[in-house]
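Chemist: Fold the following, please.
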Amino acid sequence: MKLTSTHLGALRQIHAALADPTDGWDGAIEGDVRLAPPMWEALDLLIRDHVLDNLVQVGRTQRPWQTLPRDSTERVHIQLPLADWGTGDCVVYRSLSALIGRGRFLTAAPSAVYLIDENLIVPPDEGSLAVQNYRLAVALAALLERQADHTDQSGGATRFVFLHKASLAVPILYDERDLAQPIEGLETLQGLLASDEHREQKRSIFKAALYERLANTSEPERFRHLLRSLPPFAKDFCERYQLFVSEYDFEKVREELEEKRRDYLTKLNATFNDLGGKLLSIPVALYVALTTMRPLPASGSPFEPFMHNSVVLLAVFVVGIYILLLTKSQRHTLTAVTDEYSGLFARWGNRLRFADQLQEIDQTKQALDDRQRRLVWYFRTTSASLYGTMLVTLVLYLVRLLRWEDEIVVGLRAAKDLLTP
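Modeler: As a prediction, this is how the structure comes out:
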C-alpha cells in the first residue's frame, strides 16, 4: 500500500494518542486508544484506504470497523505497522538512521517521511540538524550525479564516476554520524553550476577540483570526506572558475582593447587635424601684416593708410580670436575623449585581477596618454603662435600709427654701437 502525506498525518495523530505503546514482535507499535470523532476519522481514513486492517480489537473480541459508529467512545487496541515502511514516495521510518540504512534514500529523499521517534513529518517539519543535513547530503549527491560522467550501481551502493586524470569513483555512503556537523558551501556550488554559461568548462573545473580533493582518500570514505570538507572545496571550485572567467573575459577585452586603441587614437588625432587647414592662416596673417601695413605720410592726409592699417589689424585679430576659440573647443573635446578612455580602462582594470593583464591595459593607456600630452603641447604652441602673431601685428600697427620708424632705427644703431664699440 502506497502512503500519502494525509496518511502520514493520520498515523502521527493515532501514534500520539496511543496509551502505553509497545513494540510488537514484527516491528509494529501497539497500544490502546479511545475513540472520539477526530480519532474515528483518522482510523476510518487508514482502514478505508487499506493502510490498517479492517478488524479492530475491542476488549477481547475482534470486530469489523464498520460496526463502530462515528460517535463511538469505545477503547480499541490498535496495531500500527510503522517500522521501516518504505513503499512509495511517502514513507514511515523509526528514525533517520533507519531511513538512511534503507539504501535507496541515500541519493533521493522521499517526498515526505514520518520519523516515529522524533514525531516529525519532513516536510513540512524541518526536524533536527541531522535531518536538515540529510536533505543537504541528498542534494549534494544529486549535484554529483549531474556532473558525473556515468553512474555505476552494480556493487549495491550508487557510485558516481568522474573521468579526469584518471577515473575517480565516489560511492554515496554515509550514516547519521556524518550529519552531526553543519554542511555549508552547497548553495555556492548549486548557484554556480545551475546556469548554462560555460557549462562544459565548469564541469571540467568541477571534476579537476574533485579529483584533487578526493584522489588520495579511500573510495568508501570519499563522500564522507567531501561532506566534511565542502566549504574549502566550494571555495577552491569558485576560485578556479573565477580564474577561467578572468582569462576568458580578457581574451574578449584584448580584442576590444585593440579596437578601442585605434578608435581613440583616431579621435585624439581628429581634435588637432580639424585645425590643420585653419592653422595656415597664422603665417598668412603675419605675412599680410608685415607686408601691407603702410607708414603714415609725413605730409598730406593720413586717413587712407590709417584705415588700411586698421583693417589689417582687425582682420588679423578676428582670425586669431576665431582660431583661439576653435582651439579651446578642440581642447575640450580632447579632455572628453581622455576622460572616456580613462574611465573605460579603469572599469576593465577593476574586472581583471592578474598583473600581466593589468600591465597590458596600462601600456595601451600610456600610449594614448602620450599622444594626448603631445596634442596638448600642439594646442599650446598654436595658441602661443596666435598670441605672438596678434602682438607683432599690434606693435607694427602702433609703430605705423605713431611714426616710430625713425626712433626705432636710431635706437637700433645705438644698441649696435653699444654692443660693438
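Chemist: Mind telling me what element residue 22 is part of?
Modeler: Using DSSP states H and E, the element containing residue 22 is strand 19-23.
Chemist: buried sites along the helix or strand just after that strand?
Modeler: Of the helices and strands lying after strand 19-23 in sequence (DSSP H and E), the nearest is strand 29-34. Across strand 29-34, burial judged by 16 or more other CB atoms under 10 Å covers 29, 30, 31, 33. (Glycine included, C-beta is placed from N, CA and C.)
Chemist: Can you tell me which helices and strands the strand holding residue 22 packs against?
Modeler: strand 29-34 (3 or more CB pairs under 8 Å, 6 or more residues apart in numbering; DSSP states H and E).
Chemist: circling back to that earlier point, show residues contacting the strand holding residue 22.
Modeler: The contact list for strand 19-23 (CB atoms under 8 Å, 6 or more residues apart in numbering) reads 15, 29, 30, 31, 32, 33, 34, 83.
Chemist: Rebuild those as TSV, extending it with pLDDT and distance to residue 313.
Modeler: Output for the contacts of strand 19-23, formatted as TSV (pLDDT from 0 to 100; distance: CB to CB, whole Å):
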residue	pLDDT	distance to residue 313
15	87	112
29	84	117
30	83	122
31	85	120
32	87	124
33	88	119
34	88	122
83	64	115
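Chemist: Same list, those residues, but as JSON lines with distance to residue 408 please.
Modeler: Shown next, in JSON lines, are the contacts of strand 19-23 (distance: CB to CB, whole Å):
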{"residue": "15", "distance to residue 408": "123"}
{"residue": "29", "distance to residue 408": "127"}
{"residue": "30", "distance to residue 408": "133"}
{"residue": "31", "distance to residue 408": "131"}
{"residue": "32", "distance to residue 408": "135"}
{"residue": "33", "distance to residue 408": "131"}
{"residue": "34", "distance to residue 408": "134"}
{"residue": "83", "distance to residue 408": "125"}
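Chemist: if we can go back for a sec, adjacent strands (with direction) for the strand holding residue 22?
Modeler: Partners of strand 19-23 in the sheet, by DSSP bridges, are strand 29-34 (antiparallel).
Chemist: Moving C-terminal from the strand it pairs with, which element do we reach first?
Modeler: By DSSP H and E, the next helix or strand past strand 29-34 is helix 37-48.
Chemist: from the contacts of strand 19-23, which is closest to residue 121?
Modeler: Distance to residue 121 across the contacts of strand 19-23 (CB to CB) is lowest for residue 15, with 11.2 Å.
Chemist: tally of neighbours for the closest one?
Modeler: Burial measure for residue 15: 19 neighbouring residues, criterion other CB atoms under 10 Å.
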